[in-house]
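Undergrad: kindly return the folded structure for what I paste below:
(chains A and B)
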There are 2 protein chains.
Amino acid sequence: MRAEILSCGTELLLGQITDTNATYLAQSLAALGIDLYYVSQVGDNQGRIVETLRRAWGRSDLVIMTGGLGPTEDDLTRESISELLGETMAVDPELVVTLRARFAHSVMPERNLKQASLIPSARSLANPVGTAPGWWVEKDDRIIVAMPGVPGEMYKMWEEQVLPRLGALTGGVIFTRILRVSGIGESTVEEKLGDLIHNTNPTLATYAKSDAVDVRITAKAASSREAESTVVSMEQQVRQIFGHYIFGIDKETLAGRVGALLLERGQTLGVMESLTGGLVANAITDVAGSSQYFVGGFVTYTSELKARMGVPAETLERYGAVSEETARAMAHAVRERLGTDFGIGVTGVAGPDKLEEKPVGTVYIAIEGPQGVVVGMGPGWRGSRSDNKRYAVLYTLNLLRRYLDGSISPAK
Amino acid sequence: MRAEILSCGTELLLGQITDTNATYLAQSLAALGIDLYYVSQVGDNQGRIVETLRRAWGRSDLVIMTGGLGPTEDDLTRESISELLGETMAVDPELVVTLRARFAHSVMPERNLKQASLIPSARSLANPVGTAPGWWVEKDDRIIVAMPGVPGEMYKMWEEQVLPRLGALTGGVIFTRILRVSGIGESTVEEKLGDLIHNTNPTLATYAKSDAVDVRITAKAASSREAESTVVSMEQQVRQIFGHYIFGIDKETLAGRVGALLLERGQTLGVMESLTGGLVANAITDVAGSSQYFVGGFVTYTSELKARMGVPAETLERYGAVSEETARAMAHAVRERLGTDFGIGVTGVAGPDKLEEKPVGTVYIAIEGPQGVVVGMGPGWRGSRSDNKRYAVLYTLNLLRRYLDGSISPAK
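TA: Modelled structure (predicted):
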């Protein structure tokens, strides 16, 4: 089945609201295994709505409309469907009763009567939340679903009335798993996937997210068991390719994974950071329950404060504040001072100016733990100041994750 | 001029992302007085992109495309425009130089080369933030603008390169000023603006941004001087309404304003924070040059660490870690310990569970400075954990800004 979404409302074209209804419906269609090829937004103009609707009717089996079911002259969805199908709207006596009941404590404006109208091909979809019932239209092996634009009303109508009808029509089940990759960029991920990216069932797709690259595996089958086993066998192939770069699945975050590993081991963590300015500590404390393993952090933005927090003055003088030696000393100092199992030290140059003759984007990371020290060095990113900070945080979290899951060996 | 937006990306049709780019562009077009009649989302499929693009080309003077400019096989915007216009893409040597410079510290995958391609009708739009330059295509009295889908890259390209070109075409000159408001929400801002929001020249519009509410004033006139003076006279009216809630204009950020005020006064700052977990320090250090006034911060995630950093054990015991008294003691302790002019203390409950019987969203903020102490208390926000952290940071920065600009009086 091929679906298309058509959202009506001049507010959308003025940028006063964002079409989050389309996102919600798109997700729901993907989960149902219904292909969605087109989404359009049109203003409250009958000519343009009918034009767009006619094209959708010509190329899609299922047209999902939102918006334009209100009582005003600007609400033209019913009129447009009627024009498309050449049918005449008539007030339905039963719907009038339901509608009048919603105005029990006030007088119903006469213009609301059109909300109780139907055409011969349409059945009404009840709206328990608002005054606008939806339409379920079936004609010539095609379906049009028209729902209100108010998200709360739409969600309820979709889930309680439209989804069951669609499920009965399609058969087939979808299963999806996301593998989360850290340490390499999206284009490298895609390159490594090679021809797998062209596979048809299951399908693979990559998405760059703020804390990782996602590889999404989606399978469609007659039963959920069959769909899942198709995904799992592809997952094994993908894991073969990426090994330790995969840190989690579905909604797991890098900081969440680090937290889970620390909890599992009953270990604690402290941070001393300069270029990241508190962002490492922030990422760690974004995880609910992080107070069980995160003791605290020092944002040592000056060399003087680094020294006061336990970095030997000699190290700072000899190697500079931006050096592997200083990162190591920071990790050691915070671990000792806070009595934690792990200590992280991060220093570098966020930009826009270079520091100690080291270029913008230089980052030194050290993590000291019970098994010794691991170090990492940023590749000299060339992003904005806040990009450089963010990359350094991801690099740090991934290094700690690898220390914790044993995919990297610390030097004693 | 009649415009149309075409957003490309299968993620949109799978509901993995929402097309907020269309909203942003729609707002901008409305402010320019350019009519927008159609918005469409299409997946990464050249046939469907060209089909939709051809229709747009037939009915609109300006087609604005976002997405599909990346280096992968799924990125088909350049190919689709070339097919529509029957022109052949060729690698542009100058663009290659710029592109390779972005890979100074790593090897550029060969597939990235297509990002340096043009067709005869296209000129390149520089992308200072990412690897994908945009295209400005002019042919047969029509224009196609193609920009990256990553919002940050798109906004910058639109504002710095596309808007001036469009202004030159539509005749008339556009002048825009943004007044940045902190301390009240968007609906209150709109309510206070009253009928001004319906004004036609200049137009006013409000936008909720991550660190403030923006009131955007846009005027169109024959000369830039005339447009500016129209904006300035409206600005005076708006300032009358909002007074000290306005902290800056245009691209000024709250943290940037705080930094400018500290630099002006030659004063320094230290932070001790718990619920915000490093995010206050991070916001302050997002400003380039912040090392001139920001000495450092302590993320004291346990009571024990608060005590070790100078908060009297008695205060913690008597009032609890989440209390105004503890916030005051934190501000005092960090100011004393770091020898800074200002010390900030922030404590509270980020969630999801309550703490010391205080509800999620409780926040206590204290700022100690040369003139005394100001305190603020969060209203018990009911957002997610990271929302609560973010709100607390904004509240803190705004309190410090008001201390520094004299719009709030500290108690001795």
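
Undergrad: what about the closest residue to residue A:289 other than its chain neighbours, distance to chain B?
TA: Here the nearest residue to residue A:289 in space, its sequence neighbours aside, is residue A:259; by CB to CB, 6 or more residues apart in numbering or on different chains that works out to 7.1 Å. Heads up, the C-betas are built off the backbone N, CA and C, glycines and all. For residue A:259, the distance to chain B equals 13 Å [CB to the nearest CB, to the nearest Å].

Undergrad: element containing residue A:259, please.
TA: When elements are defined using DSSP states H and E, residue A:259 is found to belong to helix A:254-265.

Undergrad: now that helix: buried residues?
TA: For helix A:254-265, the neighbour count (16 or more other CB atoms under 10 Å in any protein chain shown) marks A:254, A:255, A:256, A:257, A:258, A:259, A:260, A:261, A:262 as buried.

Undergrad: which residues touch the residue nearest to residue A:289?
TA: Residues in contact with residue A:259 (CB atoms under 8 Å, 6 or more residues apart in numbering or on different chains) are A:284, A:287, A:289, A:290, A:293.

Undergrad: those in helices, which ones?
TA: Cross-referencing those against helices under DSSP state H gives residue A:284.

Undergrad: quick one: which of the contacts of residue A:259 is most hemmed in?
TA: Neighbours were tallied for each of the contacts of residue A:259 (criterion: other CB atoms under 10 Å in any protein chain shown), and the maximum of 28 neighbours falls on residue A:284.

Undergrad: which pLDDT value belongs to that residue?
TA: Residue A:284 carries a pLDDT value of 97.

Undergrad: residue A:271 too?
TA: pLDDT, the model's per-residue confidence, is 98 for residue A:271.

Undergrad: need the three-state assignment for it.
TA: Three states are possible here, and by DSSP: H, G, I helix; E, B strand; the rest coil the one that applies to residue A:271 is strand.

Undergrad: who does it bridge with?
TA: Using DSSP bridges, the bridge partners assigned to residue A:271 are residue A:297, residue A:344.

Undergrad: shouldn't it be in contact with residue A:282?
TA: No: contact status for residue A:271 versus residue A:282: not in contact, 9.9 Å apart, counting by CB atoms under 8 Å.

Undergrad: for these two, indicate the residue with more neighbours.
TA: Taking neighbours as other CB under 10 Å, residue A:271 and residue A:282 compare with residue A:271 leading, 33 against 28.

Undergrad: identify the residues contacting that one.
TA: For residue A:271, the contacting residues are A:280, A:281, A:284, A:296, A:297, A:298, A:334, A:343, A:344, A:346, B:299, by CB under 8 Å, 6+ apart.

Undergrad: would the last one count as being in a strand?
TA: Yes: note on residue B:299: a strand contains this position according to three-state DSSP.

Undergrad: burial count for it?
TA: Number of residues near residue B:299 (other CB under 10 Å) recorded here: 31.

Undergrad: enumerate the residues of the stretch 301-412 of chain A near chain B.
TA: Taking CB under 8 Å from any CB of the partner chain, the part of the stretch 301-412 of chain A that reaches chain B is made up of A:301-302, A:305, A:338, A:350-353, A:361, A:379-386, A:389.

Undergrad: what about burial for those, which qualify?
TA: Of the members of those, the ones counted as buried by neighbours, 16+ other CB under 10 Å, are A:301-302, A:305, A:338, A:350-351, A:361, A:380-386, A:389.

Undergrad: tell me which two in the residues you listed are the farthest apart.
TA: Largest separation among these by CB to CB: A:338 and A:382, giving 34.0 Å.

Undergrad: what's the spacing between residue A:191 and chain B?
TA: In this structure, residue A:191 and chain B are 7 Å apart, going by CB to the nearest CB.

Undergrad: which of the three states applies to that residue?
TA: The assignment at residue A:191 comes out as helix when based on three-state DSSP.

Undergrad: the closest residue to it other than its chain neighbours and residue B:69: what is the separation?
TA: Taking CB to CB, 6+ apart, and ignoring the residues beside it in sequence, residue A:191 has residue B:109 as its nearest neighbour in space, at 6.6 Å. The spacing between residue B:109 and residue B:69, counted by CB to CB, to the nearest Å, is 15 Å.

Undergrad: do residue A:120 as well
TA: 48 Å.

Undergrad: who has more neighbours, these two?
TA: residue B:69 (27 against 12).

Undergrad: how about the more buried one, nearest residue that isn't a chain neighbour?
TA: According to CB to CB, 6+ apart, the nearest residue to residue B:69 is residue B:132 (3.9 Å).

Undergrad: thanks again, I'm all set now.
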